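**Q** would you be able to build a 3D model of this:
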Amino acid sequence: MGFSVSGSAAIIFASLFIAFGLWTTASANSFERVSEAEADRTDGLLTQQNTAIEITSATWNGTHLIVDAENAGAAQLRLSETDFLVDGAYRTDWQADATAGGDAETDLWLSGETLTITRQVDAQPDRVKLVASSAVADTAEVTAT
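**A** The predicted structure is shown next:
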């Protein structure tokens, strides 16, 4: 055996060593990403299980729509991450007309607190819906007072 066989074997061994190093790094990174995604999914499911919204009343007094809802779950909610729909139409500026736990300046809607939304509307809507960021929602029919 001459130098060419030994040299070839050394090159093949070195390339296999480099390839194995690259493969282990890639598989370790992939495993880490999958583990993080599973942890995020578990956290999201726990938040969803701890979230409950209950619209206790939705009334229209001829000029204003008044919606009272309770955070009946254990999770605290943010008004900025909560969606409000009136007759299926998404409302973007409703936080200005809302009080959570009697405080009009807060963005937090804590467990057990009542959210009150008072909006001026031209005609009586039929339904309202509140949707939390964890996709938990409640819908109520609007009644005239």
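
**Q** drop to CA atoms for contacts and neighbour counts, all remaining ones
**A** Will do.

**Q** sec struct for Ser111, please.
**A** coil (DSSP: H, G, I helix; E, B strand; the rest coil).

**Q** what's the spacing between it and Arg127?
**A** 24 Å (Cα to Cα, to the nearest Å).

**Q** comparing those two, which residue is more hemmed in?
**A** Remark: of Ser111 and Arg127, Ser111 carries more neighbours, 19 against 16, as counted by other Cα atoms under 10 Å.

**Q** what sits against that one?
**A** Asn71, Ala72, Gly73, Ala74, Ala75, Gln76 (Cα atoms under 8 Å, 6 or more residues apart in numbering).

**Q** farthest-apart pair in these, please.
**A** Ala72 and Gln76 (9.8 Å; Cα to Cα).

**Q** shared neighbours of the two, anything?
**A** Common neighbours of Ala72 and Gln76 (Cα under 8 Å, 6+ apart) are Thr51, Ser111.

**Q** report pLDDT for the closest residue to Thr116 other than its chain neighbours.
**A** Excluding the flanking residues, the one nearest Thr116 by Cα to Cα, 6 or more residues apart in numbering is Asp68, at 4.6 Å. At Asp68, the predicted lDDT confidence score is 97.

**Q** what's the next secondary structure element after the helix or strand where Asp68 lies?
**A** Asp68 is part of strand 64-71, with elements assigned from DSSP states H and E. Using DSSP H and E, the helix or strand that directly follows strand 64-71 along the chain is strand 77-78.

**Q** got a list of what Thr82 touches?
**A** Contacts of Thr82 by Cα under 8 Å, 6+ apart are Leu130, Val131, Ala132, Ser133.

**Q** ok, how many other residues are close to the last one?
**A** Pointing back at Ser133 there. Ser133 - counted by other Cα under 10 Å - has 17 other residues nearby.

**Q** return the backbone torsion pair for it.
**A** Backbone torsions for Ser133, taken as degrees, to the nearest 10, come to phi -60, psi -20.
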